[in-house]
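A.B. asks: Need coordinates for the following:
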Amino acid sequence: MGLLEELREKLGGGGQTGSTNTMQVVRDLVYELAGARNRDLAVDVLIHATGIAEFDELTLRDYAGKHGLSHEGFRKQVLAMQRRLNLPRRPMPHSDAN
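C.D. replies: Below you'll find the predicted structure:
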């Protein structure tokens with residue numbers, strides 16, 4: 001099953017009793033992205049905040065440069081999103097990283 005089909009199934013509830021929590025998570029993500037002034041940046045921040053970036057060839061510095069930010073500025077945005085969405089902190093390069 002593809003990601004879009006899985007998301008549609010979760011949004012539809014599929015008669016599952018645990019779908020309320022899934023709906024809340026999806027709504028939180030949608031509001032987070034919809035409320036962003038720069039949605040491209042918000043998506044890239046979300047990629048790092050959730051750990052999906054592990055499978056990407058771009059580094060934190062690459063993403064920061066793409067949006068005209070320093071790596072530290074981008075990292076701070078990732079940390080802020082993790083707090084807002086109550087996501088676990090993930091290993092990331094710190095300001096003193098090369």
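A.B. asks: Please list all residues in contact with the residue most central in space within the chain.
C.D. replies: Central residue of the chain (Cα atoms, centre = their mean): residue 46, 1.7 Å from the mean position. If a contact means Cβ atoms under 8 Å, 6 or more residues apart in numbering, then residue 46 has 29, 32, 33, 52, 81 as its contacts. Backbone N, C-alpha and C define where each C-beta goes, glycine included.
A.B. asks: Distance of it relative to residue 85?
C.D. replies: 8 Å (Cβ to Cβ, to the nearest Å).
A.B. asks: shared neighbours of those two, anything?
C.D. replies: What both residue 46 and residue 85 touch, as defined by Cβ under 8 Å, 6+ apart, is the set 29, 32.
A.B. asks: In stretch 40-53, which of the residues would be classed as buried?
C.D. replies: Using 16 or more other Cβ atoms under 10 Å as the test for burial, stretch 40-53 gives 41, 42, 44, 45, 46, 47, 48, 49, 50, 53.
A.B. asks: Which two among those are spaced furthest apart?
C.D. replies: The distance between the two most remote of the buried residues of stretch 40-53 (Cβ to Cβ) is 15.0 Å, for 41 and 50.
A.B. asks: Next, report how far the strand or helix carrying residue 29 is displaced from the centre of its chain.
C.D. replies: Residue 29 belongs to helix 19-34 when assigned by DSSP states H and E. Chain-centre distance of helix 19-34: 12 Å, with Cα atoms, centre = their mean, to the nearest Å.
A.B. asks: Now the element after it, going C-ward?
C.D. replies: Defined by DSSP H and E, the subsequent element after helix 19-34 is helix 39-50.
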